[in-house]
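> My questions concern the predicted model and sequence given below.
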Amino acid sequence: MAKDIQGSNVKETNRQSAVGASMMSPDELDALKKKLANPTVAGFNFTEEERIGFAPYWNPEAGAYFMAVPVGRDDRDPEFVRILFRALHDILCFRGPADAQEPVIVHAGEEFSTSVYYALKEPFDLYIDNCDFEVPLRVQALETVKTSNKRDVWRWKVATTPEVKKKLDAVRAKIRMALGSGKQPAGALPAAG
């Protein structure tokens, strides 16, 4: 069966469509491409985007901070694990390798990532693995310091709301009780004091 599309005769079966399309004039082919380029399907509203590829990343600078909610880990590359956040405000981030960075504005509600910095690993493990509630954070890079083996590491300041702090303290207490020994489990922070 043939179907007329803007003056061209194109067969509807797969085999015949390929033959019919190859015999079209360039104008007929352009018209067909335009018609089929942006299809719609009744009953579907394709408005929610999925992240493809790596999220933009935030680079620490002394004194700089961001406010966001940790939402997970991107561990597709075991040599380059990242913490994923949902931004609570617009944040300057980057894409691409460190020596050829391209700036990107991540808007409130969008995802971005950070490296898994040594000092932040345990608290972020707690937030991501043990909390069934959102943990809004203000994460500030303070300064870099030398470790005993002469590596530079960042010092950080992490703050949350009083309501969330109470919930986090309850999660820590529950983890300690589950262990029964009073020892800190991996991913848990000591109580503030």
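Structure's in. What do you need? What you see is a predicted model, and the numbers here were worked out from it, not measured in a lab.
> from here on, contacts and neighbour counts on C-alpha atoms
Will do.
> So for the longest helix along the chain, mean pLDDT?
Ordering each helix of the chain by length in residues (DSSP state H) puts helix 162-179 first. Taken as a whole, helix 162-179 has an average pLDDT of 93.
> check contacts around the residue nearest the centre of the chain.
Geometric centre of the chain, nearest residue: Glu111, 4.0 Å, by C-alpha atoms, centre = their mean. The contact partners of Glu111, taken as C-alpha atoms under 8 Å, 6 or more residues apart in numbering, are 55-56, 84-87.
> could you redo the last one with a cut-off of 10 Å?
Counting by C-alpha atoms under 10 Å, 6 or more residues apart in numbering, Glu111 touches 51, 54-57, 68-71, 84-88.
> So what does it look like in phi/psi?
The phi and psi values for Glu111, taken as degrees, to the nearest 10, are phi -90, psi 150.
> partners of it in the sheet?
Taking DSSP bridges, one obtains Arg86 as the residues bridged to Glu111.
> Give me the local confidence score for it.
95.
> Now restrict the contacts of Glu111 to buried residues only.
Among these, those classed as buried by 16 or more other C-alpha atoms under 10 Å are 55-57, 68-71, 84-88.
> Hmm, which of those residues is lowest in pLDDT?
Among the buried ones among the contacts of Glu111, Ala55 has the weakest pLDDT, 89.
> Would you confirm that that one contacts Ala87?
No - the pair Ala55 and Ala87 does not pass the contact test of C-alpha atoms under 10 Å, sitting 11.7 Å apart.
> with the buried ones among the contacts of Glu111 in mind, which one is nearest to Asp125?
Ranked by distance to Asp125 (C-alpha to C-alpha), the buried ones among the contacts of Glu111 are led by Pro70 at 9.6 Å.
> Brilliant, that's me finished.
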